[in-house]
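J.: Quick check, what structure comes out for this input:
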Amino acid sequence: MFEVTVEFVSEIISCIKDKENKVISGDPEKVKKVHDVWKFSKDSRSNNPNWLLIDTQA
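T.: Model prediction:
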């Protein structure tokens, strides 16, 4: 089995607006840094090219 761990680092803005474009929740100016770690596995003997997501951490 092969296992690969990938760390994703992103900056997101989270905001919900109504149909009049008025902010209901969140802040359209606030940037939040998010760290996620995803672990994948694959059987090295398999002909299937797909990897299986086996774990996530935030």
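
J.: Please count neighbours and contacts with C-alpha atoms only from this point.
T.: Will do.

J.: Please give the element, helix or strand, for the most centrally placed residue in the chain.
T.: By CA atoms, centre = their mean, the mean C-alpha position of the chain lies nearest to residue 36, the distance being 6.0 Å. Using DSSP states H and E, residue 36 maps to strand 32-42.

J.: Tell me which strands the helix or strand following that strand pairs with, and in which orientation.
T.: Moving toward the C-terminus from strand 32-42, the next helix or strand (DSSP H and E) is strand 52-57. When pairing is defined by DSSP bridges, strand 52-57 lines up against strand 32-42 (antiparallel).

J.: What residues sit buried inside the strand it pairs with?
T.: 39, 40, 41, 42 (16 or more other CA atoms under 10 Å).

J.: Specify the beta-bridge partners of the second one.
T.: Right, the one you point to is residue 40. When bridges are called by DSSP bridges, residue 40 pairs up with residue 4, residue 53.

J.: For it, list the residues it contacts.
T.: Residues near residue 40 by CA atoms under 8 Å, 6 or more residues apart in numbering: 3, 4, 5, 51, 52, 53, 54, 55.

J.: picking that back up, off-centre distance for the strand holding residue 36?
T.: For strand 32-42, the separation from the chain centroid amounts to 6 Å (computed by CA atoms, centre = their mean, to the nearest Å).

J.: and if you look at stretch 28-37?
T.: Centre-to-centre, stretch 28-37 and its host chain are 11 Å apart (CA atoms, centre = their mean).

J.: wait, residue 14 sits on residue 27?
T.: Yes - if you go by CA atoms under 8 Å, residue 14 and residue 27 touch, sitting 6.5 Å apart.

J.: returning to what we had before: pull the CA atoms of the strand holding residue 36 into PDB?
T.: What follows is strand 32-42, C-alpha atoms only, in PDB (Å, rounded to 0.1, in the frame of the first residue of the first chain):
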ATOM      1  CA  LYS A  32      -9.200  33.400   7.600                       C
ATOM      2  CA  LYS A  33      -6.300  31.000   7.100                       C
ATOM      3  CA  VAL A  34      -7.400  27.300   7.000                       C
ATOM      4  CA  HIS A  35      -5.100  24.300   7.400                       C
ATOM      5  CA  ASP A  36      -6.400  20.900   6.300                       C
ATOM      6  CA  VAL A  37      -4.500  17.600   6.100                       C
ATOM      7  CA  TRP A  38      -5.800  14.800   3.800                       C
ATOM      8  CA  LYS A  39      -4.400  11.300   3.800                       C
ATOM      9  CA  PHE A  40      -4.800   9.000   0.700                       C
ATOM     10  CA  SER A  41      -3.900   5.400   0.100                       C
ATOM     11  CA  LYS A  42      -3.600   3.200  -3.000                       C
END
